[in-house]
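**Student:** Below are the sequence and a predicted model; questions follow.
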Amino acid sequence: IIPYFKSFRALEWKNALKSFLNPFFEYFFWFFLIFKVKLWDMRKKINPLILFGFFGIMIFILILNRPRFEDHPVKTKSNIAQVETQALHNIDKPVIDVSGWQRPEEINYDTLSQNISGAIVRVHSGAQTSKENDASYVNGVDKAFKTHITEFQKRNVPVAVYAYVAGKNVQEMEKAAEVFYNASSPYSPSYYWLDVEEKTMSNMNDGVEAFRAKLESLGAKNIGIYVGVYFMEEHSIDTDKFTSVWIPSYGSDSGFYEATPKTDLDYDIHQYTSKGKIAGFDHDLDINVISALKNKEETFRKLFLKP
């Protein structure tokens with residue numbers, strides 16, 4: 001009997017109870033078939049309460065064992081209305097971006113989710129990956145992206161995704177885009193971001209466009225670019241075909257918001273520190289805010305509530 005009751009830790013009470021009672025159900029079934037005549041003959045000698053109790057137990061076991069749809073639940077996506085309500089309630093809270101370097105076992109997702117408005121999760125670390133590391137596999141896929149996305153979506157936090165762009169030629173760029181899309185799309189992210197920080201091709205703009213165009217051809221609708229203003233200008237990165245721009249501008253990188261970036265670039269979201277502190281994670285986090293020059297709710301909806 002004890003092993004059955006231990007199963008309460010892993011199963012719902014109903015399933016554990018079914019496991020406990022199934023052997024008895026079979027016993028009572030055969031007992032009833034064999035002795036039904038004798039029970040009928042002895043009905044005057046047996047206390048009616050005993051008979052009612054016996055048949056009550058039988059009926060209870062039959063009901064417990066009847067097929068039910070919820071015994072085989074189908075995994076569903078986050079409730080869109082709940083995601084929107086929670087996100088807009090938390091709209092003044094920061095957006096974080098995370099990767100495999102923020103290990104899931106070190107995150108209290110319940111607490112962290114209450115202190116952010118959205119999350120951008122790395123799915124691909126770049127085609128330059130030559131060997132497996134703590135955060136990504138050899139093929140560039142982030143080791144923690146599934147856990148990060150699943151845990152945030154379970155708590156109705158809107159999620160976008162990003163890939164570090166580092167192909168050495170157009171073919172590598174397109175292959176990385178395909179891997180990125182195939183890994184991300186089952187989770188219906190609100191946005192696909194290209195993280196462009198490093199020159200890995202002689203004409204980096206051609207590589208970035210090859211990555212973007214491949215994503216679009218695969219079905220991605222909302223595609224943005226993360227790029228520093230200086231890098232963009234130095235390497236002539238064209239942002240016109242992207243539907244949103246995300247820029248880093250840290251100031252002294254104090255962990256706090258210091259100032260609006262000095263640029264004429266039309267951007268929607270600003271990464272203002274890599275040393276942010278938010279309850280739910282004891283280490284540094286990248287923290288972002290919607291551009292102070294944009295309508296906050298309108299821009300947030302664009303980036304996180306329109307997958």
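**Tutor:** Yes, it's here.
**Student:** Could you pull out the helices in the protein for me?
**Tutor:** Taking DSSP state H, the helices of the chain run over residues 2-6, 13-41, 48-64, 80-89, 109-114, 145-154, 170-184, 204-218, 229-234, 296-304.
**Student:** Tell me the buried residues in the last one?
**Tutor:** The neighbour-count criterion (16 or more other Cβ atoms under 10 Å) identifies 299-304 as the buried residues of helix 296-304. Glycine gets a C-beta too; all of them are placed from N, C-alpha and C.
**Student:** shaky segments in the protein?
**Tutor:** Across the chain, residues meeting the criterion (pLDDT under 70) sit at 1-55, 58-78, 127-131, 307.
**Student:** Nearest to the spatial middle of it, which residue is it?
**Tutor:** For the chain, the residue nearest the mean C-alpha position is Ile149 (1.7 Å; Cα atoms, centre = their mean).
**Student:** For it, give me its contacts.
**Tutor:** For Ile149, the contacting residues are 121, 159, 161, 187, 189, by Cβ atoms under 8 Å, 6 or more residues apart in numbering.
**Student:** What separation do you get for it and Pro104?
**Tutor:** Going from Ile149 to Pro104 by Cβ to Cβ, to the nearest Å gives 11 Å.
**Student:** My read is that Ala135 contacts Ser125, right?
**Tutor:** Yes. Assessed by Cβ atoms under 8 Å, Ala135 is found in contact with Ser125 at 6.7 Å.
**Student:** if I look at those two, which residues touch both of them?
**Tutor:** 99-100, 142.
**Student:** Neighbour-wise, give me the winner out of those.
**Tutor:** Asp142 (26 neighbours; other Cβ atoms under 10 Å).
**Student:** tell me the contacts of that one?
**Tutor:** Contacts of Asp142 by Cβ under 8 Å, 6+ apart are 99-100, 121-125, 135-136.
**Student:** Name the nearest of those residues relative to Gln82.
**Tutor:** Val121 (19.4 Å; Cβ to Cβ).
**Student:** Give the burial count for the closest one, as a bare number.
**Tutor:** 27.
**Student:** Please report the distance of it from Ser249.
**Tutor:** With distances taken as Cβ to Cβ, Val121 is found 22 Å from Ser249.
**Student:** do the same with Val229
**Tutor:** Between Val229 and Ser249 the computed distance is 8 Å (Cβ to Cβ).
**Student:** before we move on, what about Pro189?
**Tutor:** Taking Cβ to Cβ, one finds Pro189 at 24 Å from Ser249.
**Student:** Show me which of the two is the more surrounded one.
**Tutor:** Using other Cβ under 10 Å as the criterion, Pro189 and Ser249 rank with Pro189 on top: 23 against 18.
**Student:** Give the buried residues for stretch 225-237.
**Tutor:** 225-229, 231-232, 235, 237.
**Student:** could you dump those residues to JSON lines with distance to Ala87?
**Tutor:** Formatted as JSON lines, these follow (distance: Cβ to Cβ, whole Å):
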{"residue": "Ile225", "distance to Ala87": "23"}
{"residue": "Tyr226", "distance to Ala87": "21"}
{"residue": "Val227", "distance to Ala87": "25"}
{"residue": "Gly228", "distance to Ala87": "27"}
{"residue": "Val229", "distance to Ala87": "28"}
{"residue": "Phe231", "distance to Ala87": "30"}
{"residue": "Met232", "distance to Ala87": "29"}
{"residue": "His235", "distance to Ala87": "34"}
{"residue": "Ile237", "distance to Ala87": "30"}
